[in-house]
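**Q** coordinates only, sequence not included:
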């Protein structure tokens, strides 16, 4: 199983749209080691302002944030199995995964501010860098008249939009479909279908590019994309369980995707 999934099918169409995952494709992410304690200090400040600390300390809050993050990770792995999973709601993360056993007033504070807390957490938890070759890929897609969109799981898609704005890239993407905004999550194939519909391009004429098997390659197969591309990232081959899926192509980074894209355009023009 392990060897077979590394052998791509080699079947890709001429792309009429590129749909990209965010983490692992547009950016590489590394964890900020102090994110939980920094976020706990922020949460403690909210509780103090509401006179709702009630025995909670920054240290206890840090423990619960870490526990909630681990629970969320297990939940995400489990949601890779159903055909049509939904996204976790902001209020579920904070009310059920982090603050389930907090005093009621403290729990109410974080649930009421859950959406913004998810955005703050997203920025504090990870450091993100654009992948090498991304800008060249976007330029090539523009030159070929091929729209580029984003299809990404995110507890707070606003974090991704903030990062695109910081880099002046917002206008480079014709559509963004984030799981929290549509209340679905990959491998639910409707994530890809929504993006294709918004672009007015058949799913079968889209390439979808992601960095893992259980959410991305599986989602592309379920949706019926014309090119199901796996882009390697640090955790690509850390699968939660074996899957009988193969991508159509494997690339190392956006430069490799650019080469594949260019070859596909040349082949269709010949």
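**A** Happy to help now that I have it. Keep in mind that what you see is a predicted model, and the values were worked out from it rather than measured. Residues are numbered from 1 along each chain as shown.
**Q** which helices and strands sit right next to the helix or strand hosting residue 137?
**A** Element membership for residue 137, per DSSP states H and E: helix 134-144. Applying 3 or more C-beta pairs under 8 Å, 6 or more residues apart in numbering; DSSP states H and E, one finds that helix 134-144 contacts helix 254-269. For the C-beta atoms, the positions are set from N, CA and C on the backbone; glycine is no exception.
**Q** pLDDT on the helix it packs on, on average?
**A** What helix 254-269 shows for mean pLDDT is 94.
**Q** the helices in the stretch 51-200 of the chain, which residues?
**A** Under the criterion DSSP state H, counting those that start in this stretch, the stretch 51-200 of the chain contains helices at 58-78, 90-92, 104-112, 114-125, 134-144, 157-166, 179-182, 190-199.
**Q** which elements pack onto the first one?
**A** In other words, helix 58-78. Counting by 3+ C-beta pairs under 8 Å, 6+ apart, helix 58-78 packs on helix 35-49.
**Q** now do the helix it packs on: everything it contacts.
**A** With contacts defined as C-beta atoms under 8 Å, 6 or more residues apart in numbering, helix 35-49 is touched by 32, 53-54, 56-59, 61-62, 65-66, 69, 106, 109-110, 113, 117, 120-121, 124-126.
**Q** which of these are buried, as a ChimeraX select command?
**A** To isolate the buried ones among the contacts of helix 35-49 in ChimeraX, judged by 16 or more other C-beta atoms under 10 Å, type:
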select :53,56,58,61,62,65,66,69,106,109,110,113,117,120,121,124,125,126
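**Q** okay, now the unreliable bits of the protein?
**A** In the predicted model, the chain carries pLDDT under 70 at residues 1-3, 5.
**Q** distance check, residue 53 against residue 99.
**A** Residue 53 sits 13 Å away from residue 99, going by C-beta to C-beta, to the nearest Å.
**Q** between the two, what contacts are shared?
**A** With C-beta under 8 Å, 6+ apart as the test, residue 53 and residue 99 both reach residue 106.
**Q** buried residues in stretch 189-206?
**A** So for stretch 189-206, counting by 16+ other C-beta under 10 Å, buried means 189-196, 199, 201, 203, 205-206.
**Q** got those residues as CSV, with distance to residue 171 columns?
**A** CSV is the format used below for the buried residues of stretch 189-206 (distance: C-beta to C-beta, whole Å):
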residue, distance to residue 171
189, 28
190, 26
191, 22
192, 22
193, 24
194, 20
195, 17
196, 20
199, 15
201, 19
203, 24
205, 23
206, 20
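**Q** ok, those vs residue 147, which is closest?
**A** Checking those against residue 147 with C-beta to C-beta, the nearest one is residue 199 at 5.4 Å.
**Q** wait, the closest one sits on residue 149?
**A** Yes. If you go by C-beta atoms under 8 Å, residue 199 and residue 149 touch, sitting 6.2 Å apart.
**Q** which neighbours do these two share?
**A** What both residue 199 and residue 149 touch, as defined by C-beta under 8 Å, 6+ apart, is the set 17, 174-175.
**Q** most neighbours of all the residues you listed, which one?
**A** Using other C-beta atoms under 10 Å as the neighbour criterion, residue 17 leads the shared contacts of residue 199 and residue 149 with 25 neighbours.
**Q** how about the contacts made by it?
**A** Going by C-beta under 8 Å, 6+ apart, residue 17 touches 146-149, 174, 195-196, 199, 201, 205-207.
**Q** look up how far residue 23 lies from it.
**A** 20 Å.
**Q** what do you get for residue 134?
**A** Going from residue 134 to residue 23 by C-beta to C-beta gives 13 Å.
**Q** same check, this time on residue 78
**A** To residue 23, residue 78 is 19 Å away according to C-beta to C-beta.
**Q** between the two, which is the more surrounded one?
**A** Ranked by neighbour count (other C-beta under 10 Å), residue 78 and residue 23 place residue 23 first, with 19 against 11.
**Q** tally up the residues packed near the closest residue to residue 53 other than its chain neighbours, please.
**A** Among residues not flanking residue 53 along the chain, residue 47 sits closest, at 4.7 Å (C-beta to C-beta, 6 or more residues apart in numbering). By other C-beta under 10 Å, 20 other residues sit near residue 47.
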